[in-house]
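Enquirer: structure for this input, please:
(one chain, ligands or ions: 1)
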Amino acid sequence: MRKGLPITLASVLLVLLAGCAGSTTSGISSSSSGLHYTSTLKSLNDSGASGTANLTLDGNRLLIHIKVSGLVPGQNHPQHIHGDPTKTASCPPATAIDKNGLITLASGTPFYGPLALGLDAPVANGTGAVDYTHSFTLSTDDKDKLSHLTSHVIVVHGVMVNGEYDGTVPAACGTIVEGR
Ligand SMILES: [Cu+2]
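Expert: Down below sits the predicted model:
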């Protein structure tokens with residue numbers, strides 16, 4: 001927690017980001033049916049974070065497995081699928097770096113677009129690793145926002161900025177491609 005700090009814009013955004021609107025959860029599927037997708041998550045903001053994501057979409061069920069290392073140990077790292085049904089999302093390039101030298105939540109938005117599905121915000125372990133598996137039951141609205149998965153990206157947030165943890169700043173991003 002932020003000891004004694006005033007409520008900053010960043011923390012308000014974090015709360016908004018952590019929201020998981022319209023999704024309900026259910027048991028983890030061991031089914032091998034469905035459409036398979038992967039994503040290679042690459043570091044943003046020199047976070048050192050990288051990893052992989054595997055997704056299986058079967059009807060209205062989306063099974064997600066994300067493994068990331070190099071995150072900030074002991075901190076919650078919000079994870080989202082970002083994108084917009086009307087265009088193709090991408091991970092922010094160097095041109096998204098703002099005047100403070102950061103790709104912020106806002107400066108990356110023109111590239112990765114809005115939040116399409118909020119995942120959980122797991123706490124990175126003592127070495128900065130997250131191994132997250134979850135099965136989502138998608139609402140019609142979720143499915144609309146996620147159409148099509150290959151025009152979306154996965155963003156993992158949370159980096160140290162000037163010695164303070166900022167849970168909104170993107171730490172890693174990967175485009176979603178078909179395949180296992
Ligand atoms: Cu996000």
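Enquirer: please make it C-alpha for all contacts and neighbour counts, starting now.
Expert: Noted.
Enquirer: could you find the closest non-adjacent residue to G167?
Expert: Excluding its sequence neighbours, the residue lying closest to G167 (CA to CA, 6 or more residues apart in numbering) is G158, at 3.8 Å.
Enquirer: quick one: contacts of the one helix or strand the one you found maps to?
Expert: With elements taken from DSSP states H and E, the one containing G158 is strand 153-161. Strand 153-161 is contacted by residues 39, 41, 47, 71-72, 75-83, 89-91, 112, 165-176 when judged by CA atoms under 8 Å, 6 or more residues apart in numbering.
Enquirer: so what strands line up beside it?
Expert: According to DSSP bridges, strand 153-161 forms sheet pairs with strand 79-82 (antiparallel), strand 164-178 (antiparallel).
Enquirer: winner for burial among the ones you listed?
Expert: Using mean count of other CA atoms under 10 Å, the stretch among the strands paired with strand 153-161 with the greatest mean number of neighbours is strand 79-82 (a mean of 26).
Enquirer: how far out from the middle of the chain is it?
Expert: Distance of strand 79-82 from its chain centroid, counting by CA atoms, centre = their mean, to the nearest Å, is 3 Å.
Enquirer: let me see the mean pLDDT of that strand.
Expert: Strand 79-82 carries an average pLDDT of 98.
Enquirer: one more: stretch 101-112?
Expert: Looking at stretch 101-112 alone, the average pLDDT works out to 97.
Enquirer: before we move on, what about stretch 150-170?
Expert: Per-residue pLDDT values across stretch 150-170 average out to 97.
Enquirer: now that stretch - C-alpha only, PDB.
Expert: Extracted as PDB, the C-alpha positions of stretch 150-170 are listed here (Å, rounded to 0.1, in the frame of the first residue of the first chain):
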ATOM      1  CA  THR A 150      -5.600 -11.100 -33.000                       C
ATOM      2  CA  SER A 151      -6.200  -7.400 -33.200                       C
ATOM      3  CA  HIS A 152      -5.600  -7.100 -29.500                       C
ATOM      4  CA  VAL A 153      -2.600  -7.000 -27.200                       C
ATOM      5  CA  ILE A 154      -1.900  -8.000 -23.600                       C
ATOM      6  CA  VAL A 155      -0.400  -5.400 -21.300                       C
ATOM      7  CA  VAL A 156       1.100  -6.000 -17.900                       C
ATOM      8  CA  HIS A 157       1.400  -2.800 -15.800                       C
ATOM      9  CA  GLY A 158       3.500  -1.700 -12.900                       C
ATOM     10  CA  VAL A 159       7.000  -0.400 -12.800                       C
ATOM     11  CA  MET A 160       9.200   1.600 -10.500                       C
ATOM     12  CA  VAL A 161       9.300   5.300 -11.400                       C
ATOM     13  CA  ASN A 162      11.800   7.500  -9.500                       C
ATOM     14  CA  GLY A 163      11.900   5.000  -6.700                       C
ATOM     15  CA  GLU A 164       8.100   4.700  -6.300                       C
ATOM     16  CA  TYR A 165       5.900   2.000  -7.600                       C
ATOM     17  CA  ASP A 166       3.400   3.000 -10.300                       C
ATOM     18  CA  GLY A 167       0.900   0.300 -11.000                       C
ATOM     19  CA  THR A 168      -0.400   2.100 -14.200                       C
ATOM     20  CA  VAL A 169       2.800   2.400 -16.200                       C
ATOM     21  CA  PRO A 170       3.100  -0.500 -18.800                       C
END
